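Trainee: Mind looking at a prediction? Sequence and model below.
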Amino acid sequence: GRLTFNSAGAVAITEDSDTVLTGTSTAAGLALTSSGTVTDAAGTSLTVTGNATITGTSISLADNATDVLSVSGNADFEGGAGAITVAAAGAVNFGSLTFNTTAGAVSITEDSDTLLSGTSTADSLTLTSAGAVTDAAGTSVTVDNGNATITGTSISLADNAGDVLSVSGNADFEGGAGAI
């Protein structure tokens with residue numbers, strides 16, 4: 001169903017069907033779990049001042065120019081076996097980013113620096129940042145069945161002893177004029 005929420009505190013919602021975010025939603029923290037897909041209507045604004053975990057059979061957000069997706073803490077997208085898409089059309093900013101899908105493609109565009117954190121998995125990966133792409137200490141990114149294209153103004157990954165970056169196919173790093 002369609003979903004809008006506003007809270008100065010944490011929000012935890014579990015839906016037994018597809019979830020369509022709509023309107024303007026705010027929360028200090030978010031745990032959104034859908035037994036179906038998670039999408040958004042045109043013009044949707046989601047602002048979370050802390051961490052957000054969004055779980056569904058597939059996820060497609062920020063696919064319209066008027067969409068806003070802002071998570072000040074860690075944005076964690078859990079797509080099951082489905083695709084995860086955070087499109088270039090909307091305004092998208094995260095404090096840090098984690099994503100997981102067992103068999104789906106991941107395509108995420110962020111309008112600022114991108115900080116990967118935690119453990120992330122994808123079948124294939126297209127990650128585009130308007131700024132630098134970096135990772136926190138101990139970050140693991142595994143692309144287990146395809147290619148990865150990572151684009152940013154500079155790229156610095158797997159630079160700590162505990163970091164893991166594993167791509168089964170072709171790894172393409174596009175750093176523009178910046179360092180890789």
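Mentor: Looks like it arrived, so ask away.
Trainee: Could you check how many residues crowd around Ala137?
Mentor: 10 (other C-beta atoms under 10 Å). Glycine gets a C-beta too; all of them are placed from N, C-alpha and C.
Trainee: could you measure it against Ala103, distance?
Mentor: 29 Å (C-beta to C-beta, to the nearest Å).
Trainee: again, but for Ala132
Mentor: According to C-beta to C-beta, Ala132 and Ala103 sit 30 Å apart.
Trainee: again, but for Ala161
Mentor: 30 Å.
Trainee: Likewise for Ala89?
Mentor: Taken as C-beta to C-beta, the span from Ala89 to Ala103 is 25 Å.
Trainee: for Ala65, same thing?
Mentor: 30 Å.
Trainee: do Ala171 as well
Mentor: In terms of C-beta to C-beta, Ala171 sits 20 Å off from Ala103.
Trainee: correct me, but Asp111 touches Phe94?
Mentor: No: if you go by C-beta atoms under 8 Å, Asp111 and Phe94 don't touch, sitting 9.7 Å apart.
Trainee: higher neighbour count, these two?
Mentor: Phe94 (27 against 18).
Trainee: Tell me who's in contact with the residue nearest to that one when sequence neighbours are not counted.
Mentor: Among residues not flanking Phe94 along the chain, Ala75 sits closest, at 4.1 Å (C-beta to C-beta, 6 or more residues apart in numbering). Residues near Ala75 by C-beta atoms under 8 Å, 6 or more residues apart in numbering: Val48, Asn51, Ala52, Ile54, Leu69, Phe94, Gly95, Ser96, Leu97, Thr98.
Trainee: who does the helix or strand hosting the fifth one pair up with?
Mentor: It refers to Leu69. According to DSSP states H and E, Leu69 maps onto strand 68-78. Strand 68-78 pairs in its sheet with strand 45-48 (parallel), strand 52-55 (parallel), strand 91-100 (parallel), by DSSP bridges.
Trainee: What residues sit buried inside the last one?
Mentor: Under the neighbour-count criterion of 16 or more other C-beta atoms under 10 Å, strand 91-100 has Val92, Asn93, Phe94, Gly95, Ser96, Leu97, Thr98, Phe99, Asn100 buried.
Trainee: what about the fifth one, distance to Asp135?
Mentor: It refers to Ser96. Distance from Ser96 to Asp135, counting by C-beta to C-beta: 9 Å.
Trainee: do the fourth one as well
Mentor: Counting by C-beta to C-beta, the gap between Gly95 and Asp135 amounts to 13 Å.
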